[in-house]
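> Generate a structure from the sequence data that follows.
(4 chains)
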2 protein chains.
Amino acid sequence: MPLPFDPIAEARRNWEARGWGAVDAMTAATSITRAHQILLRRIDAALEPFCLVFSRFEALALLSFTRTGALPLARIGERLQVHPTSVTNTIDRLEADGLVARVPHPTDRRATLAEITPAGRSLVGDAAKALAAVDFGLEGMAGTHLSAVEQSLQSLRSAAGDF
Amino acid sequence: MPLPFDPIAEARRNWEARGWGAVDAMTAATSITRAHQILLRRIDAALEPFCLVFSRFEALALLSFTRTGALPLARIGERLQVHPTSVTNTIDRLEADGLVARVPHPTDRRATLAEITPAGRSLVGDAAKALAAVDFGLEGMAGTHLSAVEQSLQSLRSAAGDF
DNA sequence: GACAGATAGTAGGAAGTCAGAGTAAACTGT
DNA sequence: ACAGTTTACTCTGACTTCCTACTATCTGTC
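Predicted coordinates:
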């Protein structure tokens, strides 16, 4: 099934031949895109027995990390960098599965808190261990490369206003 | 808008505190996911004036690189690593915009070729230059990091059977 | 030849994301 | 005090991706 050549090296050659420019950025961006594609498939496969996908797992993990186990939906969207409607949808699914509960905000009647339930807390721990067991989809990646990737991408995230 | 802390460093601390394991893989995977999110938004924004999204641009660029400007849909799916139905959808959109044309395969009556049109060839060149102008969304990333990312991810892609 | 199994493409449906619009509530400046 | 702005969430709709199922066609083997 694997291709007989590296498609990104091939793209680099074609890109150079046409003088389209920014060749290094193109290959880096394509590598990241492809890596994400591989990762997401493996991660979602590992989460499938838990009826979770990565976005729902992220929301659940975020809630489990908070002091009170609850967060306004808007905070969740900020931390996960997703659209408010996506948060609504994600919490809808988690709530339907009994993993979180919507609770009115104690002082701000506009806001709604998503609060993780005991079932949610239990599930997120199991799911996290399942993800760790498959190295978050990074099996086959040399250990020294892990920190190289993280550090290299840190400047991108920082420049993009992540923190 | 940026958070007052690095959400990934925060996740690392929480992950360690719970003993969930594979901390380095978790941070690397999360970094890749977040980088992809940033990239895709910038790339799609740059492609928006051309009525393209990244997946359609990729298909168009792939066709433009071939000798004859045409490829069976199945080959496109293999190279881009997407589901056959996604290829159908992508080519539907490109065909509706007059950027490719469906042509019967000369010898295999099951197969359909997607052939790039002159309009498609012209557009893909302009779009490529627009992407290069924004460094493929990697603006703000130190130049030395570009090759580090690509090389680090190469082992992942290779191990995943990319080539 | 004939037929079982593989391959190519598409239709229908589920899930996820985002954008725009709308409603309700809280903040802000005069 | 209060009019105007901002913030919080949700509804609807568009778009993309995948999965399952299906038809048509090709290929290898008997």
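> how long is stretch A:106-114 from one end to the other?
With C-alpha to C-alpha, to the nearest Å applied, stretch A:106-114 spans 12 Å between its terminal residues.
> from the middle of its chain, how far away would it be?
Relative to its chain's centre, stretch A:106-114 lies at 26 Å (C-alpha atoms, centre = their mean, to the nearest Å).
> Likewise for stretch A:126-133?
On C-alpha atoms, centre = their mean, the centre of stretch A:126-133 falls 14 Å from that of its chain.
> close to DNA strand C, is stretch A:63-75?
No: contact of stretch A:63-75 with DNA strand C (C-beta under 7 Å from any atom of the strand) is absent, the minimum separation being 11.6 Å. (C-beta placed from N, C-alpha, C; glycine too.)
> buried set for that stretch?
By 16 or more other C-beta atoms under 10 Å in any protein chain shown, the buried positions in stretch A:63-75 come out as A:63-65, A:69-73, A:75.
> Out of these, which is nearest to residue B:146?
Nearest to residue B:146 among the buried residues of stretch A:63-75: residue A:65, at 32.4 Å, using C-beta to C-beta.
> wait, what's in contact with residue A:95?
A:101-102, A:114 (C-beta atoms under 8 Å, 6 or more residues apart in numbering or on different chains).
> May I see those arranged in a markdown table, with pLDDT, distance to residue A:52 and secondary structure as well?
Output for the contacts of residue A:95, formatted as a markdown table (pLDDT from 0 to 100; distance: C-beta to C-beta, whole Å; DSSP: H, G, I helix; E, B strand; the rest coil):
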| residue | pLDDT | distance to residue A:52 | secondary structure |
| --- | --- | --- | --- |
| A:101 | 97 | 17 | strand |
| A:102 | 96 | 19 | strand |
| A:114 | 97 | 15 | strand |
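> returning to what we had before: and the buried residues of stretch A:63-75, which of them are in helices?
Under the assignment DSSP state H, these contribute A:63-65, A:73, A:75 to helices.
> export those to JSON lines and tack on pLDDT?
Converted to JSON lines, these look like this (pLDDT from 0 to 100):
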{"residue": "A:63", "pLDDT": "97"}
{"residue": "A:64", "pLDDT": "97"}
{"residue": "A:65", "pLDDT": "96"}
{"residue": "A:73", "pLDDT": "97"}
{"residue": "A:75", "pLDDT": "95"}
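> Which ones among those also lie next to DNA strand D?
residue A:73.
> circling back: any idea which of the contacts of residue A:95 is closest to chain B?
Ranked by distance to chain B (C-beta to the nearest C-beta), the contacts of residue A:95 are led by residue A:114 at 17.3 Å.
> Do I have it right that residue A:47 meets residue A:57?
Yes: using C-beta atoms under 8 Å, residue A:47 makes contact with residue A:57 at a distance of 5.7 Å.
> Strands of chain A, residue ranges please.
Ranges of strands in chain A, per DSSP state E, are A:70-72, A:100-104, A:112-116.
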